[in-house]
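Engineer: A structural model of the following input is requested.
(4 chains)
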There are 4 protein chains.
Amino acid sequence: MEFSLSPKAKDLQTRLLTFMDEYVYPAEAVYKQQMAESGDPHFHPQIVEDLKAEARSQGLWNLFLPHKTEWTDGLSNTDYAPLAEITGMSHLAPEALNCAAPDTGNMEILTMFGTEEQKEQWLRPLLEGEIRSCFSMTEPAVASSDASNIECSITPDGDSYVINGRKWWSSGASSPRCKIAIVMGKTDPNASPYQQQSMVLVPLDSPGVVRVRDLKVFGYQDREGHGEILYDNVRVPATNLLGEEGGGFAIAQSRLGPGRIHHCMRSVGAAERALSLMCERAKSRVAFGKPIAEQGVIQTWIADSRIEIDQARLLTFYAAWLMDTVGNKAARTEISAIKVVAPNTALRVIDRAIQTFGGAGVSEDTPLAEMYAGQRTLRIADGPDEVHRMTIARRELRKH
Amino acid sequence: MEFSLSPKAKDLQTRLLTFMDEYVYPAEAVYKQQMAESGDPHFHPQIVEDLKAEARSQGLWNLFLPHKTEWTDGLSNTDYAPLAEITGMSHLAPEALNCAAPDTGNMEILTMFGTEEQKEQWLRPLLEGEIRSCFSMTEPAVASSDASNIECSITPDGDSYVINGRKWWSSGASSPRCKIAIVMGKTDPNASPYQQQSMVLVPLDSPGVVRVRDLKVFGYQDREGHGEILYDNVRVPATNLLGEEGGGFAIAQSRLGPGRIHHCMRSVGAAERALSLMCERAKSRVAFGKPIAEQGVIQTWIADSRIEIDQARLLTFYAAWLMDTVGNKAARTEISAIKVVAPNTALRVIDRAIQTFGGAGVSEDTPLAEMYAGQRTLRIADGPDEVHRMTIARRELRKH
Amino acid sequence: MEFSLSPKAKDLQTRLLTFMDEYVYPAEAVYKQQMAESGDPHFHPQIVEDLKAEARSQGLWNLFLPHKTEWTDGLSNTDYAPLAEITGMSHLAPEALNCAAPDTGNMEILTMFGTEEQKEQWLRPLLEGEIRSCFSMTEPAVASSDASNIECSITPDGDSYVINGRKWWSSGASSPRCKIAIVMGKTDPNASPYQQQSMVLVPLDSPGVVRVRDLKVFGYQDREGHGEILYDNVRVPATNLLGEEGGGFAIAQSRLGPGRIHHCMRSVGAAERALSLMCERAKSRVAFGKPIAEQGVIQTWIADSRIEIDQARLLTFYAAWLMDTVGNKAARTEISAIKVVAPNTALRVIDRAIQTFGGAGVSEDTPLAEMYAGQRTLRIADGPDEVHRMTIARRELRKH
Amino acid sequence: MEFSLSPKAKDLQTRLLTFMDEYVYPAEAVYKQQMAESGDPHFHPQIVEDLKAEARSQGLWNLFLPHKTEWTDGLSNTDYAPLAEITGMSHLAPEALNCAAPDTGNMEILTMFGTEEQKEQWLRPLLEGEIRSCFSMTEPAVASSDASNIECSITPDGDSYVINGRKWWSSGASSPRCKIAIVMGKTDPNASPYQQQSMVLVPLDSPGVVRVRDLKVFGYQDREGHGEILYDNVRVPATNLLGEEGGGFAIAQSRLGPGRIHHCMRSVGAAERALSLMCERAKSRVAFGKPIAEQGVIQTWIADSRIEIDQARLLTFYAAWLMDTVGNKAARTEISAIKVVAPNTALRVIDRAIQTFGGAGVSEDTPLAEMYAGQRTLRIADGPDEVHRMTIARRELRKH
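Structural biologist: Okay, here's the model as predicted:
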């Protein structure tokens, strides 16, 4: 057993921490101002492009991709995990490094399942940070925790597919820079349950793509948006199929592994930032004659936060290492486990931080309430906690 | 022991439930539309006035006030509590019945401590629903859990008081209909700790009253607003003193009792609504071949919610009954207890409901996320949980 | 609403508290000594008989029975509940007042379903405190949470029933004073699921009654014992049938209501005693220069204990009042609710008290560890928490 | 990062697992019988000696000691941790491998601080498994969480020390094989707080050593016992001082690190066994027509147990690795963290297992209740959870 980072990861970690201090954190105020001045919640502010250019020049670009490609060296999940944690500390970091969801997952499945043409047309500009993408899987009408529920149809029709369905939580869709959706639907509703679904690439300027609305999360309107999209008789060429017909479920599964490491490590990073804010507040706030940091209740919150964060990090590292060494499938228990652990840990820590800040904690004067809202969605997205617990239990029971 | 409502309360409960069904719930969509059309987050929509007129004509008006006055009959806390619960089920109900915070607390202390002139000038129009008010106690710079921290000064100067201080969470201040603030500050920083504070009535159009900004709660901008107000050399006549000089802390204490019953019963009502929504969703949502209501985990959430809500309600009823029979002071343990119990109960129930709804739960498609944000502030407002627990513990230890 | 006790209950409460102080608490040390001297874990010490005689002479006898009979006046569940709480404070109190399980439940069903002969033979001596009884329902081989699982057979054979089955957790069976078992088994395995079971009275000296062993709870051997009993071809006269053939499930249900009030109020009483011990310890124990009662963490434990106990008590009172006013069946949600709430509350409070005492808390130097073990069994006995939650959820869902 | 075991640890793990299957688990029934036949709760049964001989012959002996000595090779904490976990699965394993507390800690400090004579006289026979030892630090009269409270005096008197004090929880003291106590007391009450204490070696047959009684844990009487010992004017030669005068606190600190790894890994092992028992029970027990393993609530328990155990193990491995690489002092946060995490995790898992077993779970028919009692003491021993949280919080706050 060896818990220290590889020299490569250690070097990237050091450089990324410096980049955060020198560029990302100072950019947060600039970002706020540029967004406010624009008056447009979906504005793409210049500071983001500046950060991207700087990150790229420093070699902090596309680090998320575990695969070696024409454009990337590939970095193991184990090596990327500690970097992903750092990107969780500022909402600007993931995009600055071109490591933001849902593009990361989309780039990964394009790498794994895309044709050369698809890669050239969509993967290359995504890796270049020129465009963004969304992923249309969840539907408002049915429980998305059970993939067999999907109602969207992707009907083969000569050299085309015709797509009909209503999707929501297509995150990123409201950005003017979002050009492509990967849509999951049923090509054959009569096939066996896990062979009915396929994925197709749908340019967002296709006729019939109706952006219905943006969903808010706890009152917050995300800059990239959480789109509800109506695919109304949308026609795409048959070459837009991703992978094989009937392979949608399998692609969806393979998309999840690394993405969960990313999400979970960002949750760990968010929790670390909340703990850090809580400690600073506790040391500076005085009540009943002494800093509240000296109160046993606050100390309990700090200690439990430290303990829970460290446990969540170690479990996510372990899952990443398993993925690298025995593969995503063998690591399924651990991948489900971190999906439950990391957001819940972050929520507990952030909630304690909110309570430590009092009124400032629920307002815009700290990032805490917005962090809470973001983490809260992660107990639902990509399968609710309950489905992941069911997965874990079944695999545990199978041992006996 | 007798747990049934008094005939009076039973009658009012029946009428209020009918009023909710016939007027309040149908008004929610109208409200949403009128607000959207106005484009002004602080707009006062006509539907609210319509509801007020109807409630008043039905005798469902000012029910919150335990005192008999020139204008009100008075209703015991025990009788009002079950009505307050019902008002917690729709955000429109409290104002419709003229039972909305912070006016209720302000009206109560004006009733108890106001001069005849103060009552005529401010209490009467508040009871008539003609104006609204705010309460400026909390300050951004210091921990408000410890009243001795207050920095705002109310300096006697001849026939006037001169007020200097920065307050926030002055809820209601952003409404154009808000005319008066009750401000707490120190008239004598050299007096004993609980005799330093006084309260004065400050018309919001006084020179020097600067409305700095509105605070959001999570991402939500409240219609009435949570104001940050700078009192910059504001001068009011000495007759604007509420009660006695040095009596501010005592008035603040006496303001808390009934207000906590109201808040807590509304929390109970909010929790009931969330549970009701959760049950409906669970019965209609299908996953893995059956309604999720048949899943043991969901059933556990429903059962625990029912148990916790009933316990929170009974404890609040008990506190109300103690206030009516032995007084607010003797009921202090119970008043602190419900302040901890009710919002935490509501948060747990709402969170389970959110999880049951999935993506809809965190979005604007259900009232749940906004309810969550509202209840979350109540673990902070009027003293954080931790201070109430300290109060309870000290009283318990004193028994030994 | 009215939370004060009736004059009758108030009077009994006052007298019982005096009896506890004057007789029961002082008897605890005597009891310990008499048990130690006997060297027999199932010894019946004289002090218990002394307490019984005193309680009876003071009119504190058989208070548990809600029914008016030839021998008892009957006391409502609402009036008995606060007395049951007091009996939870000392393990000697229930037997001293002839209000100990399982006799109480057995006496109640004998009152409700027994023939005159059965009452004369068994109910009268039980009410006189001359003998004790046990209840043989649970079986080691099957899940007792599902009554249809029962395997014990009660086969009609001419003028007799022949009983074959293995029962355990027949509490009380190891006392030499235990003379009679009420045994539940199937008289007709082909009837509809809830009409298969019947109950018969089985004298413990009947041939074929084999007392296999005593079960320990955690490491504790109960004086009255938790018996495993083999009924091996035991023959009793047909007149020993309790109620009707096929009526066993219904009798079992009707046995549960008042018994749960008793159990739950004793749990509340146990929790109160633990809280009281915790406060005394916290005030007297010094660490890091001050009594640990001044530490925020300890204060949080005390406050949460006070809050949770008060909520558990109120809910149990409410359930008792419902039973008295609308009947056991209509109160089923609340009866299930208190069954979940009361033991869990007691366990949390006792666990905090143990932690406050440190090493003394887990040892025999405080009653806490034994109280913990006793309360822990109550999460299992009479249906585990999980079955009660299921009951509550189903009734809640039925409203929608 | 690398989570696989070293070849050495892997080899030992494989051999130890085989030893458990072939010798330890089969010995449990033999042990039970030999103990029962002896009629003496402190009997030393032959089966233990048989296991020791076999373990020794297989090279599974004294693995706990991280130091290379005349008699041992030394094994890193990281390599020993996974072996310690396995020893947590049977109460017979630690002694069989000569890796049982408190001997392990005592052997370690004798290795580090003992003179050659002390090593020859006490360390050698301990390492040989010929005798056992106890550690007398905790006192009934004062809070042992604060070492400065210690009242026992070790007074220098010519060539001797004279010891006066009352100690309890001197675990192991009731074994007839226990020959030596390491006693902590104050040699100089006027020194600075952490220089007042010293440790001396006290043969248990010294005049003035009074074994007052054995403490039970919950109802269980431990074979080796938890002794209360009165040291009444006990005189030992000055050469019996361990380390330096005034060095007692420092020795106590250095004793804690590896011991906590051992304790925590055994807790993890206990939790694994409980989870395993729970899964087997859930698969075989039928209620409401299907194995309870198919119920969502049971699955949640299993999943949460798996998640929590894996997190506890990883954190303990991490702490062990830190101790090996940066030392006990630098790993202090993590050592405190595992002390909080591991027993609490085990308690949660065991409690769920108890609930899954129902009545069997609280009785002697499963090892669960006794495991619960044992783990419960660990939240108190070696500093209660609360003190460890305080340590962690202070170190966290110091970062800011």
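Engineer: show me the beta-bridge partners of A:Pro291.
Structural biologist: A:Val286 (DSSP bridges).
Engineer: and it, how many residues sit next to it?
Structural biologist: By the measure other C-beta atoms under 10 Å in any protein chain shown, the count of residues near A:Pro291 is 15. Where C-beta positions appear, they are placed from N, C-alpha and C, glycine not excepted.
Engineer: for it, give its distance to D:Glu228.
Structural biologist: Using C-beta to C-beta, to the nearest Å, A:Pro291 is found at 41 Å from D:Glu228.
Engineer: swap in A:Asp21?
Structural biologist: Distance from A:Asp21 to D:Glu228, by C-beta to C-beta: 57 Å.
Engineer: then A:Pro258?
Structural biologist: For A:Pro258, the distance to D:Glu228 - C-beta to C-beta - is 58 Å.
Engineer: what's next to the helix-or-strand element of chain A with minimal mean pLDDT, contact-wise?
Structural biologist: Lowest mean confidence among the helices and strands of chain A (mean pLDDT, DSSP states H and E): strand A:286-287, at a mean of 92. By C-beta atoms under 8 Å, 6 or more residues apart in numbering or on different chains, the residues outside strand A:286-287 that reach it are A:292, B:142-143, B:145-146, B:149.
Engineer: now that strand, how far from the centre of its chain.
Structural biologist: Centroid separation between strand A:286-287 and its chain, computed with C-alpha atoms, centre = their mean, to the nearest Å, is 38 Å.
Engineer: quick one: residues contacting the residue nearest to A:Trp122 when sequence neighbours are not counted.
Structural biologist: Of all residues not flanking A:Trp122 in the chain, A:Ile180 sits nearest, at 5.3 Å (C-beta to C-beta, 6 or more residues apart in numbering or on different chains). Contacts for A:Ile180 (C-beta under 8 Å, 6+ apart) come out as A:106, A:122, A:131, A:133-134, A:201-204.
Engineer: of the residues you listed - the most surrounded one?
Structural biologist: That'd be A:Cys134 among the contacts of A:Ile180, by other C-beta under 10 Å, with 29 neighbours.
Engineer: can I get the contacts of strand A:286-287 in CSV including neighbour count, pLDDT and distance to A:Gly361?
Structural biologist: Listed next are the contacts of strand A:286-287 as CSV, based on neighbours: other C-beta atoms under 10 Å in any protein chain shown; pLDDT from 0 to 100; distance: C-beta to C-beta, whole Å:
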residue, neighbour count, pLDDT, distance to A:Gly361
A:Ile292, 22, 96, 13
B:Val142, 17, 92, 15
B:Ala143, 18, 87, 13
B:Ser145, 20, 75, 13
B:Asp146, 16, 78, 17
B:Asn149, 16, 88, 17
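Engineer: what's the closest of the residues you listed to chain D?
Structural biologist: Nearest to chain D among these: A:Ile292, at 10.9 Å, using C-beta to the nearest C-beta.
Engineer: A:Ser284 is in contact with that closest one, correct?
Structural biologist: No - using C-beta atoms under 8 Å, A:Ile292 and A:Ser284 do not qualify as a contacting pair, with a distance of 9.0 Å.
Engineer: more neighbours, A:Asp21 and D:Glu228?
Structural biologist: Using other C-beta under 10 Å as the criterion, A:Asp21 and D:Glu228 rank with D:Glu228 on top: 24 against 10.
Engineer: name the surrounding residues that touch the helix or strand the more buried one falls within.
Structural biologist: Taking DSSP states H and E as the criterion, D:Glu228 maps to strand D:226-237. For strand D:226-237, the external contacting residues (C-beta under 8 Å, 6+ apart) are C:363, D:134, D:136, D:140, D:152, D:157, D:159-174, D:181, D:183, D:200-203, D:206-217.
Engineer: over to stretch A:42-60?
Structural biologist: Residues contacting stretch A:42-60 (C-beta under 8 Å, 6+ apart): A:12, A:15-16, A:19, A:23-24, A:27, A:30-31, A:34-35, A:38, A:61, A:92, A:95-98, A:129, A:174-177, A:223-225.
Engineer: buried subset of those residues, written for PyMOL?
Structural biologist: Remark: buried members of the contacts of stretch A:42-60, expressed as a PyMOL selection using 16 or more other C-beta atoms under 10 Å in any protein chain shown:
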select buried, chain A and resi 12+16+19+23+24+27+30+31+34+35+61+92+95+96+97+98+129+174+175+223+224+225
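Engineer: what's the following helix or strand after the strand holding D:Glu228?
Structural biologist: Going down the chain from strand D:226-237, the next helix or strand is strand D:241-242, by DSSP H and E.
Engineer: check contacts around the closest residue to chain C within the stretch 151-300 of chain A.
Structural biologist: Residue nearest to chain C within the stretch 151-300 of chain A: A:Gly296 (3.6 Å; C-beta to the nearest C-beta). Contact partners of A:Gly296, counting by C-beta under 8 Å, 6+ apart, are C:295-298, D:386, D:390.
Engineer: ok, A:Lys8 next?
Structural biologist: A:75, A:79.
Engineer: let's see the strand or helix carrying it as CSV, backbone CA atoms only.
Structural biologist: In this structure, A:Lys8 sits in helix A:7-19 according to DSSP H and E. What follows is helix A:7-19, C-alpha atoms only, in CSV (Å, rounded to 0.1, in the frame of the first residue of the first chain):
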residue,chain,number,x,y,z
PRO,A,7,5.4,11.9,-9.5
LYS,A,8,3.3,12.9,-12.5
ALA,A,9,0.2,13.5,-10.4
LYS,A,10,2.2,15.3,-7.8
ASP,A,11,3.7,17.6,-10.4
LEU,A,12,0.3,18.4,-12.0
GLN,A,13,-1.2,18.9,-8.5
THR,A,14,1.5,21.5,-7.6
ARG,A,15,1.0,23.3,-10.9
LEU,A,16,-2.7,23.2,-10.7
LEU,A,17,-2.7,24.6,-7.1
THR,A,18,-0.5,27.5,-8.3
PHE,A,19,-2.8,28.1,-11.2
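Engineer: surely A:His388 touches A:Val340?
Structural biologist: Yes - assessed by C-beta under 8 Å, A:His388 is found in contact with A:Val340 at 5.1 Å.
Engineer: could you name every residue contacting both of those two?
Structural biologist: D:Ala303.
Engineer: so which of the contacts of strand A:286-287 are in strands?
Structural biologist: Per DSSP state E, strands hold no members of the contacts of strand A:286-287.
Engineer: could those go into TSV alongside distance to chain D?
Structural biologist: TSV is the format used below for these (distance: C-beta to the nearest C-beta, whole Å):
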residue	distance to chain D
A:Ile292	11
B:Val142	20
B:Ala143	17
B:Ser145	20
B:Asp146	20
B:Asn149	21
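Engineer: just to revisit the earlier point, distance of the residue of the stretch 151-300 of chain A closest to chain C relative to chain B?
Structural biologist: 10 Å (C-beta to the nearest C-beta, to the nearest Å).
Engineer: list the contacts of A:Phe288.
Structural biologist: B:Asp146.
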